[in-house]
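In: the sequence and its predicted three-dimensional model are supplied below.
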Amino acid sequence: MQNSRQELDAILSKFKDRHGALIPLLQEVQLLEGYLKKETMKYIADQMSISAAEIFGVATFYSMFRLKPQGKHVVRVCKGTACHVSGANVILNAIKEHLKLEGEEDTTEDTMFTVMEVACLGCCSLAPVIMIGDQTYGKLTPEAIPGVLNKIVG
């Protein structure tokens, strides 16, 4: 924790007295810690003389920021038009069921997977499609999901 605090302080000193630098500051902090922790955002507010509300507002407005840990493997489920009409919701449900994610949960308890819905992956001819890391899986059926996910960890 002490080493992390020193690294955090080094990032903060880089952005001290720079107007309009909150987004790149938060990006570097997220890169350091993996996500933006509440305690860290409060610390940034205190150290940078920015209101905690402003920091939280920016962190929740931009989709690039995460307020909770992300899994080792990010599963992006395409929800574009071609994927939607080809069964993206059924694929999403199969993924959540296989990973035992309930309700609004998006990260598995072991933080192995995080599931994200994305507007489009640009692979319309492969609909429905998901990406895990930089690997694309297309023309999916719900029955194929366990094999795809098991291949990632196995």
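Out: Right, received. Where do you want to start? Residues are numbered from 1 along each chain as shown.
In: this protein: strands as residue ranges?
Out: 73-78, 113-118, 130-132, 135-137 (DSSP state E).
In: what's the last one packed up against?
Out: Yep, that's strand 135-137 we're talking about. Helices and strands touching strand 135-137, by 3 or more C-beta pairs under 8 Å, 6 or more residues apart in numbering; DSSP states H and E, are strand 130-132. All C-beta spots, glycine's among them, are computed from the backbone N, C-alpha and C.
In: which strands or helices does the strand it packs on pack on?
Out: With 3+ C-beta pairs under 8 Å, 6+ apart as the test, strand 130-132 has strand 73-78, strand 135-137, helix 145-153 packed against it.
In: if we can go back for a sec, nearest to residue 90, out of the strands of the chain?
Out: strand 73-78 (10.7 Å; C-beta to C-beta).
In: does anything pack onto the closest one? Which helices or strands?
Out: helix 88-99, strand 113-118, strand 130-132, helix 145-153.
In: mind running it again at 7 Å?
Out: Counting by 3 or more C-beta pairs under 7 Å, 6 or more residues apart in numbering; DSSP states H and E, the packing neighbours recorded for strand 73-78 are helix 88-99, strand 113-118, strand 130-132.
In: how many neighbours does the nearest residue to residue 33 once chain neighbours are set aside have?
Out: Ranked by C-beta to C-beta, 6 or more residues apart in numbering and with sequence neighbours excluded, the top spatial neighbour of residue 33 is residue 40, at 6.2 Å. The number of residues packed near residue 40 is 19, by other C-beta atoms under 10 Å.
In: distance of residue 40 from residue 23?
Out: According to C-beta to C-beta, to the nearest Å, residue 40 stands 15 Å off from residue 23.
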